[in-house]
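>>> Attaching a predicted model along with its sequence, questions to come.
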Amino acid sequence: MENLDLNKIKKQHGTGLGNLWKLYPKSKLYKGGRWPLILALVLNIGFAFSKTNIVIHLAEIANIATSIYPSLLGFLLGGYTIFIGFGNKDLLLKTTKYVEGEEISFFQALSMLFGLSILLHALTLICAIFIKLSLTINLNVSLETALLLFSVVNYIATFLILFMLFYSLCVIKDVVVNIFGFSQLYHQVLFIERVKKESDHQQGAND
């Protein structure tokens, strides 16, 4: 049985971006960043050996992000709103139990994952828009300086936007898995409720 520690409860129910970062398990963040990091490095190395200028690759990546991420953000915001507004009290009570090995409940974990995913997608979209606008700037510098400076900056920007792109997309997979877990729990509650009603109805008919 869980102890009613008011100070602990207050700490675990803080609001704001700072508390979202503080409460979300860092192990999951680091684990989730492994494959996006590898993919971003591999592609960046591939771009370095490509005959196409890195600026072309960077512009294409920014175009991909700005074309698909507004729709993804709309989907995530809609899903988050539906989840938060869910009205089945019996089911929500079941989701307030702490996740094994963590100091947050399943409800908090799913809510934080939704919030983190929305923030990552928004940040990726902002960076992509910034990159697209930056590529239109024509600075008055010498050719040698431009080739050296801009080449380094473009490769760093390409790596960062690729990492954010892959990371935010991988988080969607975690959101889907957690929503599936939530739907399974919901189905379990409804199934038990239906069986109990049928059992009571059968018992009443026999009496």
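Looks like it arrived, so ask away.

>>> I'd like the mean pLDDT over the longest helix anywhere in the chain, please.
Longest helix in the chain, counting residues (DSSP state H): helix 143-206. In this model, helix 143-206 carries a mean pLDDT of 78.

>>> From here on, call the first residue 27.
Got it, the first residue is 27 from now on, which makes the last one we talked about helix 169-232.

>>> and it, what does it pack onto?
For helix 169-232, the packing partners by 3 or more Cβ pairs under 8 Å, 6 or more residues apart in numbering; DSSP states H and E come out as helix 52-58, helix 60-74, helix 80-110, helix 115-120, helix 132-160. Yep, even glycine has a C-beta here, placed from its N, CA and C like the rest.

>>> Run through the neighbouring helices and strands of the second one.
Helices and strands touching helix 60-74, by 3+ Cβ pairs under 8 Å, 6+ apart, are helix 80-110, helix 169-232.

>>> check contacts around the residue nearest the centre of the chain.
Closest residue to the average C-alpha location of the chain: residue 143 at 2.1 Å, with Cα atoms, centre = their mean. Contacts for residue 143 were tallied using Cβ atoms under 8 Å, 6 or more residues apart in numbering; they are 102, 194, 197, 198, 200, 201.

>>> Do I have it right that the first one meets residue 197?
It stands for residue 102. No. Residue 102 is beyond contact range of residue 197, at 9.4 Å (criterion: Cβ atoms under 8 Å).

>>> how many neighbours does residue 153 have?
For residue 153, the count of nearby residues is 17 (other Cβ atoms under 10 Å).

>>> Surely it is in contact with residue 188?
No. Using Cβ under 8 Å, residue 153 makes no contact with residue 188, being 10.8 Å away.

>>> can I assume residue 186 is in contact with residue 154?
No. Using Cβ under 8 Å, residue 186 makes no contact with residue 154, being 10.7 Å away.

>>> who has more neighbours, these two?
Neighbour count, other Cβ under 10 Å: between residue 186 and residue 154, residue 154 has more, with 22 against 15.

>>> show me the contacts for the more buried one.
Contacts of residue 154 (Cβ under 8 Å, 6+ apart): 87, 88, 91, 92, 95, 187.

>>> what's the most buried one of the helices and strands packed on helix 169-232?
Neighbour counts (mean count of other Cβ atoms under 10 Å) averaged over each of the helices and strands packed on helix 169-232 peak at helix 132-160, with a mean of 18.

>>> and residue 48, how far is that from residue 138?
Per Cβ to Cβ, to the nearest Å, residue 48 is found 10 Å from residue 138.

>>> From residue 64, how far out is residue 201?
For residue 201, the distance to residue 64 - Cβ to Cβ - is 21 Å.

>>> for residue 53, same thing?
Remark: distance between residue 53 and residue 64 (Cβ to Cβ) = 18 Å.

>>> Please apply the same query to residue 98.
According to Cβ to Cβ, residue 98 stands 22 Å off from residue 64.

>>> again with residue 137
Distance, residue 137 to residue 64, by Cβ to Cβ: 29 Å.

>>> before we move on, what about residue 161?
To residue 64, residue 161 is 26 Å away according to Cβ to Cβ.

>>> Over to residue 162?
Distance, residue 162 to residue 64, by Cβ to Cβ: 31 Å.

>>> list the contacts for the closest residue to residue 84 other than its chain neighbours?
Sequence neighbours aside, residue 184 is the residue nearest to residue 84 in space, at 4.9 Å (criterion: Cβ to Cβ, 6 or more residues apart in numbering). Residues in contact with residue 184 (Cβ under 8 Å, 6+ apart) are 70, 73, 80, 83, 84, 87.
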